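Novice: Requesting a structural model of the entry that follows:
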Amino acid sequence: DIFWFSLFHELGHILLQDRNSVFLETDNEEYSLNEKEADQYASDVLIPPSGYARFIEKGNFYKDSIVHFADEIQISPGIVVGRLQHDGHIQQEWHNSLRTRYDWK
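Specialist: Predicted coordinates:
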C-alpha cells in the first residue's frame, strides 16, 4: 500500500503540477498545497472517493468486509487496510496480514 500510494503520489505531481517546477521540501505554502494535491490524487486513484465513503459509513472493518470491498473496486485489500490505518479508522496493527510486503534486494 505504501509503495502504490507513493507511486501515484509522484504521478500526481507529474500530471497535476507545473512541469517546470522544482520540488524541494520546505515550509513553503505552495509546497504544502502541491503535496496535499498529490496526496489527494493518489488516494482518489487508488480508492474511488464515493465507494470509500460508503464503505466507511457502514463501519464494518472486519477482514472479510475489507476483502469484499477491495474485490468490488478491484484493488489489493492491503491498499484498503493502509488507507483505513492512515485515516484512523483502524489501528496500525490491525489486518496487516492483508498487506503485501516487498523485499528489495
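
Novice: make it CA atoms for all contacts and neighbour counts henceforth
Specialist: Noted.

Novice: gap between His95 and Leu33?
Specialist: As judged by CA to CA, to the nearest Å, His95 and Leu33 stand 31 Å apart.

Novice: So what's the predicted local confidence for Ser50?
Specialist: At Ser50, the model reports a pLDDT of 94.

Novice: can you check Asp1 too?
Specialist: 65.

Novice: Neighbour count: His95 and Leu33, which is higher?
Specialist: His95 (18 against 11; other CA atoms under 10 Å).

Novice: separation between the residue most central in space within the chain and Ile66?
Specialist: Central residue of the chain (CA atoms, centre = their mean): Ser43, 4.2 Å from the mean position. Using CA to CA, we find Ser43 at a distance of 16 Å from Ile66.

Novice: same deal with Phe55?
Specialist: On the measure of CA to CA, Phe55 and Ile66 end up 9 Å apart.

Novice: who has more neighbours, the two?
Specialist: More neighbours surround Ile66 than the other of Phe55 and Ile66, with 22 against 15 (other CA under 10 Å).

Novice: Could you check how far the more buried one is from Gly12?
Specialist: 26 Å.

Novice: repeat for Gly59
Specialist: Taking CA to CA, one finds Gly59 at 29 Å from Gly12.

Novice: Compare the two (neighbour count), which wins?
Specialist: More crowded of Gly59 and Gly12, by other CA under 10 Å: Gly12, with 20 against 10.

Novice: Could you list every helix and strand in contact with the strand or helix carrying Ala42?
Specialist: Secondary structure from DSSP states H and E places Ala42 in helix 29-46. Judged by 3 or more CA pairs under 8 Å, 6 or more residues apart in numbering; DSSP states H and E, the packing partners of helix 29-46 are helix 2-16.

Novice: gap between the helix it packs on and the chain center?
Specialist: 10 Å (CA atoms, centre = their mean, to the nearest Å).

Novice: about what we covered before: what residues are shared contacts of Phe55 and Ile66?
Specialist: Listed as contacting both Phe55 and Ile66 by CA atoms under 8 Å, 6 or more residues apart in numbering is no residue at all.
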